[in-house]
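**Q** Make a model of this:
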Amino acid sequence: MDFIIRKATKNDMPAVLGLIKELAIFEKEPNAVEVTVEELQQDGFSENPAFECFVAEIDGIVEGTAIIFKRYSTWKGKILHLEDLVVNPKMRGKGLGTALLDYVVKYGHDLGVKRINWEVLDWNEGAIKLYESKGAKVLRDWDVVHLSEEGINNYVVKLNHASI
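**A** Just a heads-up that it's a prediction; the model follows:
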């Protein structure tokens, strides 16, 4: 199967959002996606983009995506965060996911990052085996912490009340 991996364009964002929604379904959170095509276009293609995106394309159709952004580790220095790596369910097992991961790793290497971070659900054994086979270390003793938009707002309200 012939495919290409390339940097995404604004015009790819509807397809990328479709893949993000597919990932949410796979991760058993079908209603969790709030981001819009317009937000992806603005946030990824502004003067100071919040993320970078690569796509896997077959016959002009986006069938996979990898979304990354730069971070900084106080222990290591410059790092990349791989937010999502998604392949259309009908195209899984054909090498697109590995090709996207390879592209991200080469990109990080070219940037001179000291580490690439991402999360994987503990029940996604197929992905875990793939990542470990590539030399990644799955840190099973760390917990991911999220503070939602509602949580942020509540936190700030409490801060504001405490300072009165």
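**Q** mind listing the helices for the chain?
**A** In chain order, the chain shows helices spanning 13-26, 37-45, 96-111, 125-133, 149-162, with DSSP state H as the criterion.
**Q** for these, which one sits closest to G60?
**A** Taking Cβ to Cβ as the criterion, G60 comes closest to helix 13-26 out of the helices of the chain, the separation being 10.5 Å. No exception for glycine: its C-beta is placed from N, CA and C like everyone else's.
**Q** Now do the buried residues in the closest one.
**A** The neighbour-count criterion (16 or more other Cβ atoms under 10 Å) identifies M13, A15, V16, L17, L19, I20, K21, E22, L23, A24 as the buried residues of helix 13-26.
**Q** could you check the angle helix 37-45 makes with the strand ranked longest in the chain?
**A** Secondary structure of the chain read by DSSP state E shows that its longest strand is strand 61-73. Angle, strand 61-73 to helix 37-45, by axes from the mean of the first three to the mean of the last three Cα atoms, to 10 degrees: 50 degrees.
**Q** Can you give the distance from strand 61-73 to the centre of its chain?
**A** Between the mean C-alpha location of strand 61-73 and the chain-wide mean there is a distance of 5 Å, by Cα atoms, centre = their mean, to the nearest Å.
**Q** Mind giving me the packing neighbours of it?
**A** Using 3 or more Cβ pairs under 8 Å, 6 or more residues apart in numbering; DSSP states H and E as the contact criterion, the secondary-structure elements in contact with strand 61-73 are helix 13-26, strand 52-58, strand 77-87, helix 96-111.
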